Every structure is written in C-alpha cells, then in structure tokens.
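Undergrad: Fold the following, please.
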Amino acid sequence: MASLTRNVTVLGLVLAVLMSRAAAAPAGQIVVPRDVPELQQAIEGAASGDVIVVQGGTWGPLVIDKPLTLVGDPVAGAAPFIEGGGPGGAYASPITLAGTGSGVVTLARLDVGGTVDVMIHAEADAGICGGGFAQLVVTDCTVRGPLWPFSLGATSGESGIDVSVPLVIVERSLVEASRPAQFDCADSAPDGATGLRSDGAVVVLDSRVLGSGGVTFCVPFGTPCPADCPP
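TA: Model (predicted):
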C-alpha cells in the first residue's frame, strides 16, 4: 500500500508540473485505456491543452495535431511503448507532430522506438518527427530512431528526434539515433545519424543525446567473416 501511495503521489506531482506549463485555460484529463481504449483516438478527441495519462501498453504510430501532454502513468509500472509502423508494409514514425504553428506538446515518461522492415528503410523517419508547434518538451523519456534487423550498408540510420520546432527542451531523457546497419560485415556505409535535429533552439538538461556510431567494418566485401569478427 505504501508503494501504491508513493506512485500515486509521484503521478500527482508530475501532472501538477506538466499542467502548470499549459495554457491558462483549465486542462482536461483523459486516461487511456480506462476512458478511451486507443491512444490515437484519445488524441483526436482531446481538446487543446488536455493531459492524456497512458496506463502502460504498446501504442502507435501517433499523430499529434494539437497542443497537449502525453504522460505515462507510474502506477502502471513500465513506461508506455510508442512504436512506429503502419498497414501494408508502410512505415510511420512512432510520434509525428502535425500542429498549426503554436502551442506546446509535452511528452513525459514514454519509451519511443521500434523496428522497421529493411525493405522499406528509405521510408523510415525519426522516433519523433514533424513540427507545427512553438515548443516540444520531452521529459523522463527514452527516444530512439527506428531499428532494422540488417541492411546492406546503404542506410544511415535515423535520428531519435528530428523536428521543425522553435524550441525543444529535453529533460532527464535518453535520445539516441538508430545504427545504420545491424550485421557484422559491412564494407561501406554512410555516416551514422545525428541523435537530435531541430531548426530551432535546443535545451538539454540532465540528459544524454547520442548519434549512431556507424557500421562495423571487419573484412573486405565478399570475404567470409572470421570466427572472431566483432559484433
């Protein structure tokens, strides 16, 4: 019971801080899946400035077209996982921002990432992409670019965050680009991706932002890998 009380208190503090950053108008709160079964459905039905509390689970891809807050519920245990994908072999980023030019989107206590099929890697994008808002706040999150199981050395990986937003604030988070290839014996590949890209100002507080290190070169093209080929 003490643990539950502590978690509820933590959630209350998180919501209080996040909601204090919102507009002066009172914000509503939606709990997924308690109030609305699907996270994208909750986003579409929310009003600007609302707080959507996500009780764990796997969701996505998501499109956010209005200022709001998405926060993982600590009472649920593991942070909600937001993954990319799409029907028919297409790929959409885990989170795409599609605002109209103003407002703040806050993402808190989320795990953003996923895997993209190697055959459609050219369609992949960052873990969080898009724009159309005045500010993006990412706090207590893990955000990774999409991974593919293997490639032929012709891909550069994807950024964790790649947005067109005047101000990006990253707090107590890990933002990491995906590696350009996930197999041992590459003979050529472009440079790895930047961890975070933005055409505006970026503030990083108590966080790590990592670019991808590139593929591992171990033997010339066409030569079988030795037993001790590095991973």
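Undergrad: who touches stretch 196-214?
TA: 126, 145, 156-157, 159-180, 189, 191-195 (CB atoms under 8 Å, 6 or more residues apart in numbering). For the C-beta atoms, the positions are set from N, CA and C on the backbone; glycine is no exception.
Undergrad: which residues touch the nearest residue to residue 139 once chain neighbours are set aside?
TA: Spatial nearest neighbour of residue 139, excluding adjacent residues (CB to CB, 6 or more residues apart in numbering): residue 171 at 4.1 Å. The contact partners of residue 171, taken as CB under 8 Å, 6+ apart, are 137-140, 205-207.
Undergrad: Scan those residues and report the most crowded one.
TA: residue 138 (28 neighbours; other CB atoms under 10 Å).
Undergrad: Now do the same contact list for it.
TA: Per CB under 8 Å, 6+ apart, neighbours of residue 138: 106-108, 128, 161, 168-171, 173, 175.
Undergrad: at 10 Å instead, please
TA: 95, 105-108, 110, 112, 128, 160-161, 168-175, 196, 204, 207 (CB atoms under 10 Å, 6 or more residues apart in numbering).
Undergrad: What of residue 61?
TA: Applying CB under 10 Å, 6+ apart, the residues near residue 61 are 40, 82-86, 90-96, 114.
Undergrad: quick one: it from residue 98, how far?
TA: Taking CB to CB, to the nearest Å as the measure, residue 61 falls 12 Å from residue 98.
Undergrad: Helices along this protein, start to end?
TA: Along the chain, counting by DSSP state H, helices occupy 2-20, 39-45.
Undergrad: among the ones you listed, which gets the worst mean confidence?
TA: Mean pLDDT values for the helices of the chain show the minimum at helix 2-20, a mean of 50.
Undergrad: buried ones in stretch 82-102?
TA: 82-85, 91-97, 99 (16 or more other CB atoms under 10 Å).
Undergrad: swap that for stretch 99-119, sorry
TA: For stretch 99-119, using 16+ other CB under 10 Å, the buried residues are 99, 103-116, 118.
Undergrad: first to last residue in stretch 97-113, what's the distance?
TA: This stretch, stretch 97-113, spans 15 Å end to end (CA to CA, to the nearest Å).
Undergrad: Quick one: find the helix or strand in this structure with the lowest mean pLDDT.
TA: When each helix and strand of the chain is scored by mean pLDDT, DSSP states H and E, helix 2-20 comes last, with a mean of 50.
Undergrad: In this protein, where is pLDDT below threshold?
TA: 1-26, 86-90, 117-123, 148-156, 179-191, 213-231 (pLDDT under 70).
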